[in-house]
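J.: Sequence first, then the predicted structure:
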Amino acid sequence: MRLGVLYSGGKDSTLALLKAKEFHTIACLISIVSENKESFMFHTPNIEVTKLQAEAMKLPLVSVKTRGEKEKELKDLKNAIASAKRTFKIQGIVTGAVRSTYQATRIQHICHELDLWCFNPLWLLDQVALLNQVVKCKIHAVISGVFAEPLDKSYLGKPIDKAMIAKLAKAAQTHAINPAGEGGEIETTVLSAPGFKKKLVVKKSAIEYANHAGTYAMQEVVLK
């Protein structure tokens, strides 16, 4: 089938893309750029680099802006998916949803209205197992946002590797967080992965952190 991938630029949507690519044709990426940094639906840290990621994968990108207002942002998502269907003749949508029924049910509803298949290859996957798959698949992702104790400033900009997985798994035991960030505890940005013809290189960045929340902002990024 020809599929469009709802792509945030993070580890989950990248892993979902790789899994879908094993059996289907990826026709395009679809990214929603939200003005609301606390969007209920969409990843926001470094969302603008999806343009470079799409270029690195040599895939067309449908990028749509939204004000990020709860429920209203779903109209913008539906418009983006409908545009991808018209332009790239997609038959279904791939998502990186793991446990968020809020996100999954709303995307499924939109797909039903547009007569598209909704494919969630990571659904209900154990979160530590998911992180291990990210590493095993050679997805180079860095932490671009932290939003919970005990995740402090030292996590920002660091790669998801075996050592980081161990730290996140320990934090899950001591502070009851979701180790893969399914509760919004962490956000990630992928710099390279299988299928990337070039990798993203961060030339300039800035870290902001206060009150157990922070971001690693990629201010200047190039493809090499």
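T.: Thanks, I have the structure now.

J.: where does this protein have low pLDDT?
T.: Along the chain, the parts satisfying pLDDT under 70 run over 38-41, 43.

J.: Name the residues of stretch 82-89 that are buried.
T.: Residues of stretch 82-89 classed as buried by neighbour count (16 or more other CB atoms under 10 Å): 84-85, 88. For the C-beta atoms, the positions are set from N, CA and C on the backbone; glycine is no exception.

J.: ranges for the helices of this structure?
T.: 11-21, 50-57, 72-88, 101-113, 127-136, 162-175 (DSSP state H).

J.: which residue lies farthest from the center of the chain?
T.: In the chain, counting by CA atoms, centre = their mean, Thr174 sits farthest out from the average C-alpha position, at 25.7 Å.

J.: was I right about Cys28 contacting Arg86?
T.: No: between Cys28 and Arg86 there is no contact under CB atoms under 8 Å: 11.2 Å.

J.: Which among the helices of the chain is found nearest to Lys153?
T.: Across those, the minimum distance to Lys153, taken as CB to CB, is reached by helix 162-175, at 13.9 Å.

J.: Would you mind pulling the contact partners of that closest one?
T.: Under the contact criterion CB atoms under 8 Å, 6 or more residues apart in numbering, helix 162-175 has outside partners 127-128, 131-132, 135, 143, 148-151, 155, 158, 177-180, 186.

J.: do the same with stretch 183-194
T.: The contact list for stretch 183-194 (CB under 8 Å, 6+ apart) reads 9-11, 14, 18, 43-46, 49, 53, 56, 137-148, 151, 155, 160, 168, 177-178, 180-181, 199-202, 215-216, 218.

J.: and the residue nearest to Lys21 when sequence neighbours are not counted, how many neighbours?
T.: Using CB to CB, 6 or more residues apart in numbering and skipping the chain neighbours, the partner closest in space to Lys21 is Gly195 (7.1 Å). Other residues near Gly195 number 15, with proximity taken as other CB atoms under 10 Å.

J.: which residues does Gly195 contact?
T.: 17-18, 21, 57.

J.: Try it again at 10 Å.
T.: Listed by CB atoms under 10 Å, 6 or more residues apart in numbering, the contact set of Gly195 reads 14, 17-18, 21, 26, 56-59, 139.

J.: Could you work out the most separated pair of the residues you listed?
T.: Farthest pair in those, by CB to CB: Lys58 and Ile139, 17.4 Å.

J.: So between those two, which is more surrounded?
T.: Set Lys58 next to Ile139 and count neighbours by other CB under 10 Å: Ile139 wins out with 25 against 10.

J.: That one against Gln133, yeah?
T.: Yes: with contacts counted by CB atoms under 10 Å, Ile139 reaches Gln133, the gap being 8.5 Å.

J.: any shared contact partners between those two?
T.: 11, 15, 18.

J.: Considering these, which is situated nearest to Val33?
T.: Of all these, the one sitting nearest Val33 is Lys11; the distance, using CB to CB, is 18.8 Å.
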